[in-house]
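Asker: Need a 3D model of the sequence below.
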Amino acid sequence: MLWLCSCNHGSPGEESTGPEEAAVNQNNQSDIYLTREQFDSMGMRIGDPSRESFSNMVKVNGFVVPTLSGIVKISPMISGRVKSIKHTLGENVTSGQVLFTMESNELIQLQQQYADAYHKLNLLRSNYDREKKLSEENVIAQKDFLKTESEYMSMLSETKGLKARLRMINIDPGPVEDGAVFEYLTVTSPIDGTITSMEMEPGEFIESQESVIEVVNTKELQLRLHIFEKDLADVAVGQQVLFYTPDNAEKKYAATLSHLGKSINPESRTISCLARIDPADHGMFVNNLFIEAAIYTCQRDAMAVPENSVIKESDGDFVLILLEEKNNNMVFRKIPVNTGVTSGSYTEVLDDGLKNVLLEGTYYFVTPE
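Answerer: Numbers count the residues shown, from 1 in each chain. This is a model prediction of the structure:
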């Protein structure tokens, strides 16, 4: 049905002052008569379908998560008591910056063990070098040299292991070799980032492998998307992703699909995939943020008209075309049209040769539901 505020059943040439005075042709209910003045006053526009880009999409949801190099869970490597905490939850830290210090008997014992092993090694090395030379000259028995060599190699291995343990907890072995003993341990951040979790307090005793701080680099966040198995055939690495948070759907961010999982979750029937967030949008999100997204699976050009120029009725889709314009009078006719997908503000039209379509102002003639 075509709707007007009121109808003028007189001659189409009679003067009218507004859209409410437009006339419907009584012989053809699909024809509408307007004057040029009415057409202009209502801001209408006529044109032909234009070529627009259309993209098929797959709707998904997921979370913002860090890359493998963008997150660290920090443990002290040795057991001890927290002495001081230098930063707190939510603060930004840089690589090498001290996060906390701790006191530890294990730390002191490790330094003592290394110093003892280091000096024993020096003594054994001296004996080894001396007996090696004597063995080459056949001055001592071969079995005596082999025993000295075995003791030296064993101590060398032990010393290297203790030295590596000291370096793992940021203790310089050099001063320890000279007799210094560090009374407390400093734990530093291995990456730039933000402290997103802290599970300790001053004075608390923590175990060597206990994870107490999490640091996330917000510049290395990505998307973990959950794609239903029915959509897997349509997605591929490299496709564009637009995502947003549910509380701000108008603000969209860009990403690129980078990895496709190879296993389907048997309960949700989804597969986990990863997408790289565009560098321009890095730093805008937090770890584990829930998002909704659309993966654009293909893009093509097609003839289209503005979505609001299509009249949708129970028996199909229609558009209004300009049938003729004569003596300042315009005649429009509603005709059926075959439509395809709608993307953005445009609807694809599948009919060839469609011309003189009412592109703006169709809503004046649509019956409100």
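Asker: Start and end of stretch 211-221, how far apart?
Answerer: With Cα to Cα, to the nearest Å as the measure, stretch 211-221 spans 21 Å from end to end.
Asker: Now find how far off-centre it is within its chain.
Answerer: Centre-to-centre, stretch 211-221 and its host chain are 15 Å apart (Cα atoms, centre = their mean, to the nearest Å).
Asker: Provide the contact partners of it at residue level.
Answerer: The contact list for stretch 211-221, computed with Cβ atoms under 8 Å, 6 or more residues apart in numbering, reads 64-67, 69-76, 93, 99-100, 187, 189-200, 206, 277, 282-283, 285-287. Yep, even glycine has a C-beta here, placed from its N, CA and C like the rest.
Asker: Just the buried subset of these, please.
Answerer: 64-67, 70-72, 74, 76, 93, 99-100, 187, 189, 191-196, 198, 200, 206, 277, 285, 287 (16 or more other Cβ atoms under 10 Å).
Asker: what helix or strand does Leu320 sit in?
Answerer: Assigned by DSSP states H and E, Leu320 belongs to strand 316-326.
Asker: got the CA coordinates for that strand in CSV?
Answerer: What follows is strand 316-326, C-alpha atoms only, in CSV (Å, rounded to 0.1, in the frame of the first residue of the first chain):
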residue,chain,number,x,y,z
GLY,A,316,8.3,-8.9,-2.2
ASP,A,317,10.5,-5.9,-2.6
PHE,A,318,9.6,-2.8,-4.7
VAL,A,319,11.1,0.5,-5.9
LEU,A,320,9.5,3.6,-7.3
ILE,A,321,10.6,4.7,-10.8
LEU,A,322,9.9,7.9,-12.6
LEU,A,323,7.5,6.9,-15.4
GLU,A,324,7.3,10.4,-17.0
GLU,A,325,7.7,14.1,-16.3
LYS,A,326,5.5,16.5,-18.3
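Asker: and the helix or strand just after it, which strands flank it?
Answerer: Downstream of strand 316-326, the next assigned helix or strand under DSSP H and E is strand 329-336. Strand pairing for strand 329-336, determined by DSSP bridges: strand 31-35 (antiparallel), strand 316-326 (antiparallel).
Asker: Mean pLDDT per helix and strand in this protein: which one sits at the bottom?
Answerer: Ranked by mean pLDDT, DSSP states H and E, the helix or strand of the chain with the weakest confidence is strand 23-24, at a mean of 40.
Asker: separation between Val366 and Met102?
Answerer: Val366 sits 73 Å away from Met102, taking Cβ to Cβ, to the nearest Å as the criterion.
Asker: if you count what's nearby, which of those two comes out ahead?
Answerer: Shown here are Val366 and Met102; by other Cβ atoms under 10 Å, Met102 has more neighbours (25 against 17).
Asker: In CSV, could you pull the C-alpha coordinates for the helix or strand harbouring that one?
Answerer: In the assignment (DSSP H and E), Met102 maps to strand 98-103. Extracted in CSV, the C-alpha atoms of strand 98-103 (Å, rounded to 0.1, in the frame of the first residue of the first chain):
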residue,chain,number,x,y,z
VAL,A,98,62.6,-4.0,39.6
LEU,A,99,59.2,-5.4,40.6
PHE,A,100,60.0,-6.6,44.1
THR,A,101,62.8,-7.8,46.4
MET,A,102,62.9,-10.8,48.7
GLU,A,103,65.0,-12.2,51.5
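Asker: Counting by contacts, list what that strand packs against.
Answerer: Using 3 or more Cβ pairs under 8 Å, 6 or more residues apart in numbering; DSSP states H and E, the elements in contact with strand 98-103 are strand 80-85, strand 184-188.
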